[in-house]
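A.B. asks: Sequence first, then the predicted structure, then my questions.
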Amino acid sequence: MCAYVLLAEDDPKQAELVRRYLSHEQHTVRVVADGRSAIDEVRRQRPDLLVLDVMMPGVDGLDVCRVLRREYDLPVLMVTARASADDKLLGFDLGADDYLTKPYDPRELMARIRSLLRRSQPASGPAAPPLRTGDLTVDVLRHEVWVGDKPVACTPAEFRILSTLVGSPGQVFSRAQLLEHAYGLDGFITERTIDVHVRNLRKKIEADPASPELLQTVYGIGYKVADGRRRAG
């Protein structure tokens with residue numbers, strides 16, 4: 001699978017190493033060395049994947065992710081020397097789809113890139129009608145989410161979690177099940193990440209995120225979407 005990958009990395013040696021690995025796998029690569037350039041380049045030509053270093057001069061990677069997530073749902077893989085669980089969860093909270101700590105094996109980076117690119121491909125097969133429950137609509141084919149007549153911007157991982165839940169309203173999914181749906185068996189993400197995505201989704205689809213009516217917690221098990229009409233054409 002060949003893709004256009006934007007690499008935002010201010011270390012020239014690291015950037016060149018990653019560029020060579022990406023080029024070897026037949027990807028088109030564009031390298032930028034600061035956060036401002038990363039934002040400008042995405043707006044100029046949206047990539048299939050953004051590999052984003054957190055610690056960059058000027059606008060850092062966290063702010064880049066925060067800005068771009070308001071405009072795009074492209075896959076984002078963050079790389080950083082910050083290895084604590086809180087740092088990783090902050091990255092996911094801002095919309096990252098994966099998080100890799102330095103130093104890392106470039107082969108692992110390539111494996112994660114392949115995984116992200118596979119998951120970001122639209123589903124094949126016969127067109128399915130939008131999934132609906134209450135005022136919430138998830139159009140899997142168009143990768144769109146609506147609450148009433150208001151469009152909702154979701155990250156790729158958020159969209160996969162929400163489409164899984166809305167596809168079976170009333171059914172309880174464990175964090176492990178949602179993790180598999182969102183990241184696949186080859187994912188590198190912990191179950192705590194699901195809680196971050198659910199919290200972000202509630203901010204987007206609930207009238208009162210503190211008292212969710214649509215995306216409900218089933219304590220000790222996981223999450224479900226409130227039962228409603230399953231499908232509509």
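C.D. replies: Done, it's in. These figures come from a predicted structure and were not determined experimentally. Numbering: from 1, shown residues only.
A.B. asks: Please count neighbours and contacts with C-alpha atoms only from this point.
C.D. replies: Noted.
A.B. asks: surely Val172 meets Val218?
C.D. replies: Yes: the pair Val172 and Val218 qualifies as a contact (CA atoms under 8 Å) at a distance of 7.2 Å.
A.B. asks: Overlap of the contact sets of those two?
C.D. replies: When contacts are counted by CA atoms under 8 Å, 6 or more residues apart in numbering, Val172 and Val218 have Lys224 as shared neighbours.
A.B. asks: who's more crowded, the two?
C.D. replies: Val172 (18 against 12; other CA atoms under 10 Å).
A.B. asks: Now the helix or strand of the chain with the lowest mean pLDDT: buried residues?
C.D. replies: Using mean pLDDT, DSSP states H and E, helix 85-93 stands out as the lowest-scoring helix or strand of the chain, at a mean of 80. Buried residues in helix 85-93, defined by neighbour count with 16 or more other CA atoms under 10 Å: 88-89, 91-93.
A.B. asks: Farthest pair within the residues you listed?
C.D. replies: Farthest pair in the buried residues of helix 85-93 (CA to CA) is Lys88 and Asp93. Separation: 8.6 Å.
A.B. asks: so Val152 makes contact with Glu144?
C.D. replies: Yes: proximity of Val152 to Glu144 meets the contact threshold set by CA under 8 Å, at 7.4 Å.
A.B. asks: what's in contact with the helix or strand containing Ser37?
C.D. replies: In this assignment (DSSP states H and E), Ser37 forms part of helix 35-44. The contact list for helix 35-44 (CA under 8 Å, 6+ apart) reads 6, 8, 32, 56-61, 63-64, 67-68.
A.B. asks: With stretch 16-34 instead?
C.D. replies: 2-11, 15, 38, 56-60, 106, 110.
A.B. asks: Can you dump the C-alpha atoms of that stretch in CSV for me?
C.D. replies: Taking only C-alpha atoms (Å, rounded to 0.1, in the frame of the first residue of the first chain), the coordinates of stretch 16-34 have been written out as CSV:
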residue,chain,number,x,y,z
GLU,A,16,16.6,11.0,7.1
LEU,A,17,16.6,7.5,8.6
VAL,A,18,12.8,7.4,8.7
ARG,A,19,12.5,8.9,5.2
ARG,A,20,14.7,6.1,3.8
TYR,A,21,12.6,3.4,5.5
LEU,A,22,9.4,5.0,4.1
SER,A,23,10.8,5.4,0.7
HIS,A,24,12.0,1.8,0.7
GLU,A,25,8.3,0.7,1.2
GLN,A,26,7.4,2.9,-1.8
HIS,A,27,5.7,5.7,0.1
THR,A,28,6.0,9.3,-1.0
VAL,A,29,7.5,11.3,1.9
ARG,A,30,7.6,14.9,2.7
VAL,A,31,9.8,16.1,5.6
VAL,A,32,9.3,19.2,7.7
ALA,A,33,11.3,20.3,10.7
ASP,A,34,8.8,22.4,12.8
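A.B. asks: in the sheet, who's paired with Leu6?
C.D. replies: Arg30, Leu50 (DSSP bridges).
A.B. asks: Regarding stretch 131-146, how distant is the last residue from the first?
C.D. replies: The first and final residues of stretch 131-146 sit 10 Å from each other (CA to CA, to the nearest Å).
A.B. asks: mind listing what's buried in stretch 97-104?
C.D. replies: 97-101.
A.B. asks: again, but for stretch 11-29
C.D. replies: Within stretch 11-29, the residues that qualify as buried are 15, 18-19, 22, 27-29, counting by 16+ other CA under 10 Å.
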